[in-house]
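[1] this is a predicted model, with the sequence first.
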Amino acid sequence: MLKLNQVSKTFNKDSINEQKVFNNFSMDIEKDDFICVLGSNGAGKSTLLNIISGKVKVDDGDIILNNVDVTEDTEYEKCKRISRIFQDPSLGTNPSMTIYENLSMAKNKGSRFGLSFLIDRKDEGYFKELLKTLHLGLEDKLHTPVSQLSGGQRQSLALIMAVIGKPDLLLLDEHTAALDPKTSEIVMNITDNIVKEKGLTTIMVTHNVDQAIRYGNRLIMLHRGNKIIDVSGEKKNSLTKERLLELFKDMDDKSLFS
């Protein structure tokens, strides 16, 4: 459902700071894939998501989404079909608005709407049912400002907001990295349940090797803009942290596995 065909990207071209991230990089993503992307610092993980989302334009190559060429589409145009959650919990929500108001904006993404959602509570029952699936008690805080929520609650709310419009593709950009280990595990379990329940095609960038092994049906390792591992199914299920260390003992940055 998503194809990157011979994509190339160089930053600061023809300068002393030139950085070639991808050179004729190709990648096929099937419908319902849940792909975990690992890689050392500078491997191209965030750039990959930026290219897919339209935040960064490619120098060469094509990006095909559901058989439609979206290579030249802007980030705004792509956001109607692609949802993204960032590492910083504050980026996925508006902290000055209530949970209800945030959900209303997410529900109307890509549509024209006024400020009537600030007083119109017609979706209150629907939003409460969505929030109940998180098992965090947020359904009882519907009119609470998001600024009063914890980081884990905000990321869980951001997940609901990201999928409420049924996107073609969900991008998770190290969305648990800023959370403590216990909260990170809770948010990952919520993520896994939502992805499976809604059958979402998902790409998750992470530095957490244990998460990459445990979740999803496919694991990709990037290094210097190249795929050095791309495994799925039983091959992925048989991977261990120790095995990955063995496979990548010659990588420049072993801090990834610390």
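    Sure, I can see it. Numbering: from 1, shown residues only.
[2] any idea which element the residue nearest to Tyr100 when sequence neighbours are not counted lies in?
    Excluding the flanking residues, the one nearest Tyr100 by CB to CB, 6 or more residues apart in numbering is Leu142, at 4.8 Å. C-beta here means a position set from N, CA and C on the backbone, and glycine is covered the same way. Per DSSP states H and E: Leu142 is located in neither a helix nor a strand.
[3] just the pLDDT at Leu142, thanks.
    As predicted, Leu142 sits at a pLDDT of 93.
[4] how about the one 4 residues further on?
    The confidence metric pLDDT takes the value 95 at Val146.
[5] before we move on, the earlier item: contacting residues for the residue nearest to Tyr100?
    Thr98, Ile99, Tyr100, Glu124, Phe127, Lys128, Leu131 (CB atoms under 8 Å, 6 or more residues apart in numbering).
[6] for burial, what's the neighbour tally of the spatially closest residue to Gly42 that is not a sequence neighbour?
    Spatial nearest neighbour of Gly42, chain neighbours left out: Arg224 (7.5 Å); criterion: CB to CB, 6+ apart. For Arg224, the neighbour count with other CB atoms under 10 Å is 16.
[7] same check on Asn12?
    10.
[8] I'd like to know how far it sits from Gln19.
    As defined by CB to CB, to the nearest Å, Asn12 lies at a distance of 6 Å from Gln19.
[9] likewise Lys132?
    Applying CB to CB to Lys132 and Gln19 gives a distance of 46 Å.
[10] go ahead and confirm Gly92 touches Ile85.
    Yes - assessed by CB atoms under 8 Å, Gly92 is found in contact with Ile85 at 5.2 Å.
[11] which neighbours do those two share?
    Joint contacts of Gly92 and Ile85 (CB under 8 Å, 6+ apart) are Gln155, Ala158, Ala162.
[12] in the stretch 1-150 of the chain, where is pLDDT below threshold?
    Residues of the stretch 1-150 of the chain that meet the criterion pLDDT under 70 lie in 110-120.
[13] mind redoing it with 90?
    For the stretch 1-150 of the chain, applying pLDDT under 90 flags the ranges 1, 12-15, 17-18, 39-44, 75-77, 79-80, 87-92, 104-124, 133.
[14] regarding the chain, what is its longest helix?
    helix 181-198 (DSSP state H).
[15] pLDDT of that helix, averaged?
    Helix 181-198 comes out at a mean pLDDT of 92.
[16] what packs against the next helix or strand after that helix?
    Downstream of helix 181-198, the next assigned helix or strand under DSSP H and E is strand 202-205. Counting by 3 or more CB pairs under 8 Å, 6 or more residues apart in numbering; DSSP states H and E, the packing neighbours recorded for strand 202-205 are strand 34-39, helix 45-53, strand 169-173.
[17] so which helix or strand takes in Lys227?
    strand 226-232.
[18] tell me what the helix or strand where Glu101 lies is packed against?
    Using DSSP H and E, Glu101 sits in helix 99-107. Secondary-structure packing of helix 99-107 (3+ CB pairs under 8 Å, 6+ apart): helix 124-132, helix 151-163.
[19] out of the ones you listed, the one nearest Arg214 is which?
    With CB to CB as the criterion, Arg214 lies closest to helix 151-163 of the helices and strands packed on helix 99-107, at 17.6 Å.
[20] hmm, who's touching that closest one?
    Taking CB under 8 Å, 6+ apart as the rule, helix 151-163 contacts 83-85, 89-90, 92-93, 95, 99, 102-103, 105-106, 130-131, 134, 136, 138, 146, 149, 170, 175-176, 178-179, 183-184, 186-187, 190-191, 194, 198, 200.
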